[in-house]
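*Asks:* model this:
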Amino acid sequence: MLFRRSRSDEIVSTDEVPAFGDFYEWVLSLPWVVERPYSLETPGVRCFGVECEPLGRRQLWLVTGLDGNDRNSGASITVIVPREAANDIEDAGWGRPLAPMPQGHMLVTVDGPSFDRRRDVEALVLTAYGYAMS
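*Replies:* Residues are numbered from 1 along each chain as shown. Predicted structure coming up:
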C-alpha cells in the first residue's frame, strides 16, 4: 500500500513548498484522525491516532516533535507502519526505521531530501494513515 513517487518527478514544481505551514491542520482534516494527549514532560510532542468506531479501529500512527523541536517549518515526523512497509519507505528514500513497535510494526522517521518536499511528506503520512485504517 506504499504510494511511490515516479522518477519523472525530478523537476521541482511550484507546489513543492515547505511541508509544514498547515501540516497539523491537514492531518486533523483526515477522516477519523484525532490528536491524542502526550506527557507534559515532553513539550512539543504531538500524537495522532485513528479512532473509527464503525470499523473498530483505534491506532496511533503519527508522532511529531520527538527531536524536541516543534517548529512549523520543520517539525520531526515519525509514523508507525508495518515492518514490511518500513523497508519499502527506506528503499524509496522517504525515511528510515527508528525502533520496533508492538505487533510487527516499526517507528519510521522522515529523512533525506523528501523532508522538504510537501507531496513526499504527504505521501508518507497518507501511507501510514492507510495502514492505520486497514
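
*Asks:* what's the neighbour count on Pro54?
*Replies:* Pro54 is flanked by 6 other residues according to other C-beta atoms under 10 Å. Backbone N, C-alpha and C define where each C-beta goes, glycine included.

*Asks:* next: the one 5 residues further on.
*Replies:* The burial metric for Gln59, expressed as a neighbour count using other C-beta under 10 Å, is 15.

*Asks:* now it, nearest residue through space, not along the chain?
*Replies:* Leaving aside its sequence neighbours, Gln59 sits nearest to Ala132 (C-beta to C-beta, 6 or more residues apart in numbering; 4.7 Å).

*Asks:* same question for the host helix or strand of that neighbour, mean pLDDT?
*Replies:* Using DSSP states H and E, the element containing Ala132 is helix 118-133. On average, the pLDDT along helix 118-133 is 89.

*Asks:* then stretch 65-75?
*Replies:* On average, stretch 65-75 scores 58.

*Asks:* stretch 88-105 too?
*Replies:* The average pLDDT for stretch 88-105 rounds to 90.

*Asks:* please apply the same query to stretch 31-48.
*Replies:* Regarding stretch 31-48, the rounded mean pLDDT is 87.

*Asks:* now do the contacts for Arg46.
*Replies:* Counting by C-beta atoms under 8 Å, 6 or more residues apart in numbering, Arg46 makes contact with Tyr24, Glu35, Tyr38, Val63, Thr64, Gly65, Asp70.

*Asks:* how near is the fifth one to Pro102?
*Replies:* Distance from Thr64 to Pro102, counting by C-beta to C-beta, to the nearest Å: 20 Å.
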